[in-house]
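Participant: Pasted the sequence and its predicted model underneath.
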Amino acid sequence: MPDLRTSSVPEIEHESASQSSHWLAIVVLWGLLILWSLLRCPIPSVNEPHYLCKARHFWDPTWCANDFFLASSNPHWVYYFTVGWMTQFLSLGTTALIARLASLLIFATGWVRMTRALLPHRMAPVLALSVFLLLQAVVNYSGEWVIGGTESKVFSYGLGFWSLGCFLKQRWNAAGILMGLAIAFHPLVGIWLTGCLILGALPWFFQHRRELSSIVKRALVPLALLVVSSLPGMIPALGIIFDSASPADRFAGDYLQVFFRLKHHLDPMQFKPLNYIIYLGLMVLSVAGYQRLRNGGTRIEGWRLLLSLMFASALVAFAGILIGLRFTEPNEMPALALRAKLLKFYPFRLYDMMVPVFFSLIAAAMTVRWASRATQTTLALFAAAIFVLGMSFPFLDRNPSRLPDERLSDWYEACEWARTETPAETLFATPRSGWAFKWYAQRAEYVTFKDCPQDARGILEWNERLTVMANWKTETYADSYISSAELARLRDLTGATYLIARNAYLFESEPVFENEFYRIDALPESSEDSHQQNQLPDFIAPPVR
């Protein structure tokens, strides 16, 4: 194992933090993260209905039992298990708040452990976090974020950073357990962290190749602890990857996931050109800052590890760019099946996170170095100014529904009617513009674009259901008149017993609920001679050739 013990710059060696200040830093960071989370992302945030409704159904399958997404595979099994039990006693909103508090505490602890291992200055964690949050508010590369609502990756990144802090302090067993837990909570985040750590350490292993056998022996126990602690999350994830779906279904699922549902995260051709430039600039500035630290007499073994991690994540992202590079439509790409399979594993995720993380740590080190005579109060005010600046930037997730206030109020009213006036097992057909219907109405949906399963069969079923709804709307809404026979046909196609629609069309029947923007109609049963079969195309997305 490498000797990664670090020391601060000469001017601040006397600032080595005591244990009490260490815990104080965690509490301060926790408070800042809670403030950031609740003010920028009110409950429920953009992904909380997706995660917490799944978690509630995980513990109580009778809740929204007819919702096919909730009954699909469980890729984040550990998150559902550790968070979902609270939904049996508490509301979804209260559960979200508690889960946020827990995940942000772990993130704060991990951030302090990692930062203090590199730069043992009292203000370093706060300065670095303020810069990091500012960058999160301004730019990202592939849509990755971490501080907002509750979901599994918040736990995973916090545990991963905590593991890095232990690794830098040569606490190998603790580092192995924590990284294993990071994998368990979010397999992709944890595995990319582990894999890029190994990739970044390859030059060091080559340099110490004569001692490799001794290094491997010392690493066996930490690696075993990592594997064992990761199993609760890895086993369900591997079950999804290696399910019994046919090769054709797997290919179709991969294609839909990469180039249709999650293209803003997985297809490099969808990323903004400006983001490429900004991230390259952040890397250049980070390397320049690293060289200044090195030339200034700072021991850089720990810094070198984080730098290697950043470059390893950049190498993976570059490979992802090459895999996704094309000058034609996705369905005309050579080796499409292989390339889609590789892109679905989020090769850009860790790069999106590690560049601002390393830049933030370098910025904190430079600030402490340049302001070596500044008081703690001055540095605290500077960090607070950066934090407030980040808070001031507009953020779409302050309104994740993307609906105007008056229309959102009407949507909540429609959801409340559904919750109070229909049986618990009712299945609804909801509009594409709907928001968090299961959260507010606590009723099942036939399909919603946001809630896409992750197993191949589930993705194909999701796509077919979207196609059913799209075809029915195209045929039915064309003349802005919806007959009772057309409503009955929707019931035959979907099994839903109610339709929520925009109150902008003329219906033959009277609604059971109506306000300015929405109406709810009971779907009648059709007679045998009016029953029609619908021929579905293979994909609502561009066809695969």
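Facilitator: Received the coordinates, thanks. Numbering: from 1, shown residues only.

Participant: Could you verify that Cys166 is part of a helix?
Facilitator: Yes - applying DSSP: H, G, I helix; E, B strand; the rest coil, one finds Cys166 inside a helix.

Participant: which other helices and strands contact the lengthiest helix in the chain?
Facilitator: Assignment by DSSP state H gives helix 212-241 as the longest helix of the chain. If contacts are counted by 3 or more Cβ pairs under 8 Å, 6 or more residues apart in numbering; DSSP states H and E, helix 212-241 sits against helix 77-84, helix 172-185, helix 187-207. All C-beta spots, glycine's among them, are computed from the backbone N, C-alpha and C.

Participant: will you turn the ones you listed into TSV that also has mean neighbour count, mean pLDDT and distance to Val368?
Facilitator: Below are the helices and strands packed on helix 212-241 laid out as TSV (neighbours: other Cβ atoms under 10 Å; pLDDT from 0 to 100; distance: least, Cβ to Cβ, whole Å):
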stretch	mean neighbour count	mean pLDDT	distance to Val368
helix 77-84	22	97	36
helix 172-185	25	97	25
helix 187-207	18	91	25
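
Participant: is it possible to export those helices to a markdown table including distance to Leu506?
Facilitator: Shown next, in a markdown table, are the helices and strands packed on helix 212-241 (distance: least, Cβ to Cβ, whole Å):
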| stretch | distance to Leu506 |
| --- | --- |
| helix 77-84 | 43 |
| helix 172-185 | 50 |
| helix 187-207 | 48 |
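
Participant: closest one to Lys450 among these?
Facilitator: Distance to Lys450, taken as Cβ to Cβ, is lowest for helix 77-84 among these, at 17.3 Å.

Participant: what helices or strands is the closest one leaning on?
Facilitator: helix 48-59, helix 152-168, helix 172-185, helix 212-241.

Participant: change it to 7 Å
Facilitator: helix 48-59, helix 172-185, helix 212-241 (3 or more Cβ pairs under 7 Å, 6 or more residues apart in numbering; DSSP states H and E).

Participant: can you pull the contacts of Thr448?
Facilitator: For Thr448, the contact set (Cβ atoms under 7 Å, 6 or more residues apart in numbering) comprises 430, 434, 437.

Participant: From these, which land in helices?
Facilitator: Using DSSP H, the members of the contacts of Thr448 that fall within helices are Phe437.

Participant: with the contacts of Thr448 in mind, which one is nearest to Ile240?
Facilitator: Of all those, the one sitting nearest Ile240 is Phe437; the distance, using Cβ to Cβ, is 25.0 Å.

Participant: Low-confidence ranges, the protein, go.
Facilitator: Where the chain drops to pLDDT under 70, the residues are 1-19, 297-298, 527-545.

Participant: The most centrally placed residue in it: what's its closest spatial neighbour, skipping adjacent residues?
Facilitator: Closest residue to the average C-alpha location of the chain: Lys153 at 5.7 Å, with Cα atoms, centre = their mean. If the residues on either side of it in the chain are set aside, Lys153 comes closest to His186, at 4.6 Å by Cβ to Cβ, 6 or more residues apart in numbering.

Participant: Which stretches in the stretch 351-500 of the chain count as helices?
Facilitator: 376-392, 405-421, 437-441, 456-476, 484-494 (DSSP state H, counting those that start in this stretch).

Participant: Adding distance to Trp36 and mean neighbour count, write those helices out as TSV.
Facilitator: Listed next are those as TSV, based on distance: least, Cβ to Cβ, whole Å; neighbours: other Cβ atoms under 10 Å:
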stretch	distance to Trp36	mean neighbour count
helix 376-392	7	15
helix 405-421	23	16
helix 437-441	22	24
helix 456-476	33	19
helix 484-494	41	18
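
Participant: Same list (those helices) but as CSV, adding distance to Phe348.
Facilitator: Converted to CSV, the helices of the stretch 351-500 of the chain look like this (distance: least, Cβ to Cβ, whole Å):
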stretch, distance to Phe348
helix 376-392, 22
helix 405-421, 32
helix 437-441, 29
helix 456-476, 20
helix 484-494, 36
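
Participant: Nearest to Ser509, out of those?
Facilitator: helix 484-494 (5.2 Å).

Participant: if I look at Phe167, how far off is Met179?
Facilitator: 8 Å (Cβ to Cβ, to the nearest Å).

Participant: scratch that, Glu332 is what I was asking about
Facilitator: From Glu332 to Met179 the distance is 40 Å (Cβ to Cβ).

Participant: Convert the C-alpha atoms of stretch 166-182 to PDB, please.
Facilitator: Taking Å, rounded to 0.1, in the frame of the first residue of the first chain, the C-alpha atoms of stretch 166-182 are listed here in PDB:
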ATOM      1  CA  CYS A 166      -9.800   6.700   5.200                       C
ATOM      2  CA  PHE A 167      -7.600   5.500   2.400                       C
ATOM      3  CA  LEU A 168      -5.500   8.700   2.600                       C
ATOM      4  CA  LYS A 169      -5.100   8.100   6.300                       C
ATOM      5  CA  GLN A 170      -4.100   4.400   5.600                       C
ATOM      6  CA  ARG A 171      -7.100   3.000   7.400                       C
ATOM      7  CA  TRP A 172      -7.400   0.300   4.800                       C
ATOM      8  CA  ASN A 173     -10.100  -1.900   6.300                       C
ATOM      9  CA  ALA A 174     -12.500   1.000   7.000                       C
ATOM     10  CA  ALA A 175     -11.800   2.300   3.400                       C
ATOM     11  CA  GLY A 176     -12.800  -1.100   2.000                       C
ATOM     12  CA  ILE A 177     -16.000  -1.400   4.000                       C
ATOM     13  CA  LEU A 178     -17.100   2.200   3.100                       C
ATOM     14  CA  MET A 179     -16.400   1.800  -0.600                       C
ATOM     15  CA  GLY A 180     -18.300  -1.500  -0.500                       C
ATOM     16  CA  LEU A 181     -21.300   0.300   1.000                       C
ATOM     17  CA  ALA A 182     -21.000   3.000  -1.700                       C
END
